[in-house]
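Asks: Sequence first, then the predicted structure:
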Amino acid sequence: MAKNSANGDHQTTTKPPPTPSPLRFSKFFQPNMRILVTGGAGFIGSHLVDKLMENEKNEVIVVDNFFTGSKDNLKRWIGHPRFELKRHDVTEPLLVEVDQIYHLACPASPIFYKYNPVKTIKTNVIGTLNMLGLAKRVGARILLTSTSEVYGDPLVHPQTEEYWGNVNPIGVRSCYDEGKRVAETLMFDYHRQHGIEIRIARIFNTYGPRMNIDDGRVVSNFIAQALRDEPLTVQAPGTQTRSFCYVSDMVNGLIRLMEGENTGPINIGNPGEFTMIELAELVKELINPKVEIKSVENTPDDPRQRKPDITKAKELLGWEPKVKLRDGLPLMEEDFRLRLGVSKKI
Ligand SMILES: NC(=O)c1ccc[n+]([C@@H]2O[C@H](COP(=O)([O-])OP(=O)(O)OC[C@H]3O[C@@H](n4cnc5c(N)ncnc54)[C@H](O)[C@@H]3O)[C@@H](O)[C@H]2O)c1
Ligand SMILES: O=C(O)[C@H]1O[C@H](OP(=O)(O)OP(=O)(O)OC[C@H]2O[C@@H](n3ccc(=O)[nH]c3=O)[C@H](O)[C@@H]2O)[C@H](O)[C@@H](O)[C@@H]1O
């Protein structure tokens with residue numbers, strides 16, 4: 001009987017997990033672990049693929065519909081014998097034989113997830129159902145990249161995994177945050193009802209190289225604006241906070257969670273908390289001291305504060321982030337300079 005709950009007895013399954021593929025425990029030869037990454041052509045997904053491909057025992061299959069992701073992010077792996085890329089929309093069923101599923105497919109930037117909200121919900125709900133169905137059929141372990149947005153505009157600070165959140169169910173962000181909440185529910189229902197081995201990561205704002213230049217998220221916006229000599233657009237009031245995690249730390253946390261014994265949900269993020277004004281000032285200091293900072297209108301339901309409590313990640317996964325914002329921003333700047341063709345003035 002699986003008893004791998006992080007949060008208490010109500011999450012303990014009564015069913016044994018489905019039988020994993022015989023390859024997973026084969027004594028006769030060292031098998032490759034076959035790993036599916038949905039959304040693997042995106043920002044976090046492509047960094048995850050890089051890390052998984054470092055292990056020569058892994059075979060990696062990426063499925064992506066290329067809505068916000070790009071083949072460019074995976075170009076170093078295309079043609080590699082342990083790698084496969086498939087254009088596929090997770091709202092359609094998928095038949096592959098795998099041992100682990102990292103389920104990331106979903107637009108993450110508010111601009112993109114609000115662009116076609118019905119599609120965002122379908123991706124979160126039908127897409128997660130399809131991946132759980134696949135996990136059930138082949139006996140794979142599945143990890144969902146959920147989000148700190150399940151806490152909505154949080155009334156508890158910092159956010160612990162026990163907090164149930166403060167989410168507007170009918171707002172313009174609901175397609176994403178309520179979509180992810182349903183996806184978490186589906187994960188636990190499949191775990192309790194069918195014994196599926198699940199892992200849920202609640203990811204907090206992550207940044208790094210390969211973010212889309214016009215992605216719309218704050219770190220990529222500020223860096224692109226600083227490099228283009230355009231004013232940094234701080235959305236009012238500017239005192240709202242976020243906690244920014246560098247992508248290599250995030251990927252290590254996701255792999256720790258997948259390989260460990262805890263279902264989660266577990267917060268994965270960097271607890272260093274900054275107001276958007278502080279972030280703009282830091283980008284200005286590090287990248288372009290001459291750039292202007294201007295206040296612009298905000299969008300509805302923007303969470304006012306966000307900071308992960310990562311006690312569980314530390315205790316249960318032995319994980320904590322290493323890269324400070326001040327050190328991570330220049331790494332992202334380098335990548336943005338290359339892609340924008342803006343060299344550093346000496
Ligand atoms: N980056 C963050 O700060 C953050 C924070 C919390 C949660 N997350 C979660 O992590 C995951 C990855 O985020 P990201 O920042 O890399 O975003 P991203 O937009 O760069 O990547 C998402 C990928 O999913 C693909 N995709 C979208 N809909 C799909 C569909 N229906 N079928 C197949 N592929 C589809 C996109 O083309 C893209 O390659 C998402 O699930 C997101 O919700 C990210
Ligand atoms: O980490 C999370 O859980 C979620 O965080 C982000 O959502 P959000 O925090 O709203 O991300 P941004 O769009 O980067 O906005 C962050 C803050 O920056 C502000 N902002 C954004 C853009 C900009 O140009 N200027 C600016 O001040 C926004 O008002 C907001 O307060 C992600 O985009 C979601 O995918 C993710 O699930």
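Replies: Sure thing, it's come through. Ligands and ions are numbered 1, 2, ... in the order given.

Asks: Any residue of stretch 259-278 touching ligand 1?
Replies: No: using CB under 6 Å from any ligand atom, stretch 259-278 never reaches ligand 1; the gap is at least 8.2 Å. To be clear about C-beta, it is placed using only N, CA and C from the backbone, and glycine gets the same treatment.

Asks: Centre of the chain to that stretch, how far?
Replies: Averaging C-alpha positions (CA atoms, centre = their mean, to the nearest Å) puts stretch 259-278 11 Å from its chain's average.

Asks: do stretch 281-299 as well
Replies: The answer for stretch 281-299 is 26 Å, by CA atoms, centre = their mean.

Asks: Need the residues that contact that stretch.
Replies: Stretch 281-299 has contacts (CB atoms under 8 Å, 6 or more residues apart in numbering) with 110, 172, 222-223, 225-227, 229-238, 240, 274, 277, 280, 325-326, 329-330, 333.

Asks: near ligand 2 at all, that stretch?
Replies: Yes: against ligand 2, stretch 281-299 shows contacts by CB under 6 Å from any ligand atom at residue 298.

Asks: Equivalent analysis for stretch 121-135, please.
Replies: No: Stretch 121-135 stays clear of ligand 2 (CB under 6 Å from any ligand atom), getting no nearer than 11.2 Å.

Asks: quick revisit: near ligand 2, list only the ones from the contacts of stretch 281-299.
Replies: Answer for the contacts of stretch 281-299 near ligand 2 (CB under 6 Å from any ligand atom): 110, 233-235, 240.

Asks: and those residues, which two are the farthest apart?
Replies: Across these, the two members that end up farthest from each other (CB to CB) are 110 and 234, 15.6 Å apart.

Asks: Looking at the two, which one has more neighbours?
Replies: A count of neighbours by other CB atoms under 10 Å puts residue 234 above the other of residue 110 and residue 234, at 24 against 19.

Asks: want to throw the ones next to ligand 2 among the contacts of stretch 281-299 into TSV with secondary structure and pLDDT?
Replies: Shown next, in TSV, are these (DSSP: H, G, I helix; E, B strand; the rest coil; pLDDT from 0 to 100):
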residue	secondary structure	pLDDT
110	helix	90
233	strand	97
234	strand	97
235	strand	96
240	coil	96
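
Asks: what's the closest of those to ligand 1?
Replies: For these, the residue nearest ligand 1 by CB to the nearest ligand atom is residue 110; the value is 10.5 Å.

Asks: does the closest one really touch residue 216, like I thought?
Replies: Yes: look at residue 110 against residue 216 with CB atoms under 8 Å: they come within range, at 6.6 Å.

Asks: for the closest residue to residue 227 other than its chain neighbours, what are its contacts?
Replies: The shortest distance from residue 227 to any non-neighbouring residue, by CB to CB, 6 or more residues apart in numbering, is to residue 342 (4.8 Å). The neighbourhood of residue 342, defined by CB under 8 Å, 6+ apart, consists of 227-228, 336.

Asks: Filter those residues down to the ones in helices?
Replies: The helices, defined by DSSP state H, take in 227, 336 from the contacts of residue 342.

Asks: What is the nearest of the contacts of residue 342 to residue 244?
Replies: Of those, the one sitting nearest to residue 244 (CB to CB) turns out to be residue 336, at 15.4 Å.
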